[in-house]
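**Q** Task: produce atomic coordinates for the following.
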Amino acid sequence: MEWGPVFAQGLSYRDFLAKHATPDQQKRWQAVYDSVTLTGDQRELLGGFVREMRVLCIAGAWCGDCVNQCPILARIAEQNPRIVVRFVDRDVQAAAQEAAMMNGGRRVPAVIFLSEDDYECGRYGDRTLATYRQMAADRLGPACPTGIVPPGPALLSAATAEWLGQFERNQLMLRLSKRLREKHGD
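**A** Alright, predicted model coming up:
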């Protein structure tokens, strides 16, 4: 899949919600966004990123897992202008969703980490390990969270840390890339 054109068509966090979310869905996303906090160490880590990272998130405004995780991506991106996150709707970008399938399904959010020149560096998504652990421990409720009730502080903090780890992993891949080091002379 050529991810560059899909990324170029992607929307900012706010524009994605304005275009694809109902007012009720926007309130759910906002409640999680307002709850996401980064520690000083996390902000410092993100602020130190030197390579441009393009992060493509395939999502659905209706999706509870997206409600609970995509605001984390937006908060992370706010920490450094070199982190550029773009969102595309799963149903609008069907070919991208097909290319990003996980476990034979169209799971969202699906995140594709790209270099500045649109090479794929990594993928992550669906649910964080912390979320799967919580679901396994609870064994209650629907198989897909509704997003009506934001995740509790401990789960949100753990999910944020997991997403941060993925951003750091991909930034280090970009920073240590021989190709990019030669290009940037560092």
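**Q** quick one: contacts of the helix or strand harbouring residue 181?
**A** Element membership of residue 181 [criterion: DSSP states H and E] is helix 178-184. Outside helix 178-184, the residues that touch it by C-beta atoms under 8 Å, 6 or more residues apart in numbering are 51, 115-116, 174-175. Yep, even glycine has a C-beta here, placed from its N, CA and C like the rest.
**Q** So the most centrally placed residue in the chain: helix, strand or coil?
**A** In the chain, the C-alpha nearest the mean C-alpha coordinate belongs to residue 73, at 4.5 Å (C-alpha atoms, centre = their mean). Assigned with DSSP: H, G, I helix; E, B strand; the rest coil, residue 73 falls in the helix class.
**Q** looking at the sheet around the residue lying closest to it once chain neighbours are set aside, what are its partners?
**A** Distances taken as C-beta to C-beta, 6 or more residues apart in numbering place residue 85 nearest to residue 73, at 5.2 Å, with adjacent residues excluded. For residue 85, the beta-bridge partners are residue 55 (DSSP bridges).
**Q** Could you measure from residue 85 over to residue 74?
**A** Relative to residue 74, residue 85 is positioned 7 Å away (C-beta to C-beta, to the nearest Å).
**Q** Also residue 80?
**A** 13 Å.
**Q** what does residue 107 give?
**A** For residue 107 relative to residue 74 (C-beta to C-beta), the value is 20 Å.
**Q** swap in residue 68?
**A** Distance from residue 68 to residue 74, by C-beta to C-beta: 13 Å.
**Q** These two: which is more packed in?
**A** Counted by other C-beta atoms under 10 Å, residue 68 and residue 74 do not tie: residue 68 has more neighbours, with 27 against 20.
**Q** I figured that one hits residue 158, correct?
**A** No: taking contacts as C-beta atoms under 8 Å, residue 68 lies outside contact range of residue 158: 11.6 Å.
**Q** just checking, next helix/strand downstream of the least confident helix or strand in the chain by mean pLDDT?
**A** In the chain, the helix or strand scored least confidently by mean pLDDT, DSSP states H and E is helix 129-138, which has a mean of 82. Next helix or strand after helix 129-138 toward the C-terminus (DSSP H and E): helix 153-176.
**Q** hmm, who's touching that following helix?
**A** Against helix 153-176 from outside (C-beta under 8 Å, 6+ apart): 32, 35-38, 42, 45-46, 49-53, 55, 68-69, 72-73, 75-76, 83, 111, 113, 115-116, 121-122, 124, 128-131, 134, 150-151, 180-181.
**Q** and that helix with helix 129-138, angle?
**A** 150 degrees (axes from the mean of the first three to the mean of the last three C-alpha atoms, to 10 degrees).
**Q** Would you mind putting the CA coordinates of helix 153-176 into PDB?
**A** What follows is helix 153-176, C-alpha atoms only, in PDB (Å, rounded to 0.1, in the frame of the first residue of the first chain):
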ATOM      1  CA  PRO A 153      -7.500   6.900  35.200                       C
ATOM      2  CA  ALA A 154      -5.300   3.900  35.700                       C
ATOM      3  CA  LEU A 155      -6.200   2.300  32.400                       C
ATOM      4  CA  LEU A 156      -6.000   5.600  30.500                       C
ATOM      5  CA  SER A 157      -2.500   6.200  32.000                       C
ATOM      6  CA  ALA A 158      -1.400   2.700  31.100                       C
ATOM      7  CA  ALA A 159      -2.800   3.000  27.500                       C
ATOM      8  CA  THR A 160      -1.100   6.400  27.200                       C
ATOM      9  CA  ALA A 161       2.300   5.000  28.300                       C
ATOM     10  CA  GLU A 162       1.900   2.100  25.800                       C
ATOM     11  CA  TRP A 163       1.100   4.500  22.900                       C
ATOM     12  CA  LEU A 164       4.100   6.700  24.000                       C
ATOM     13  CA  GLY A 165       6.300   3.600  23.800                       C
ATOM     14  CA  GLN A 166       5.200   3.000  20.200                       C
ATOM     15  CA  PHE A 167       6.000   6.600  19.300                       C
ATOM     16  CA  GLU A 168       9.400   6.400  21.000                       C
ATOM     17  CA  ARG A 169      10.200   3.100  19.300                       C
ATOM     18  CA  ASN A 170       9.400   4.500  15.800                       C
ATOM     19  CA  GLN A 171      11.200   7.800  16.500                       C
ATOM     20  CA  LEU A 172      14.300   5.800  17.500                       C
ATOM     21  CA  MET A 173      14.000   3.700  14.300                       C
ATOM     22  CA  LEU A 174      13.900   7.000  12.300                       C
ATOM     23  CA  ARG A 175      16.700   8.600  14.300                       C
ATOM     24  CA  LEU A 176      19.000   5.600  13.900                       C
END
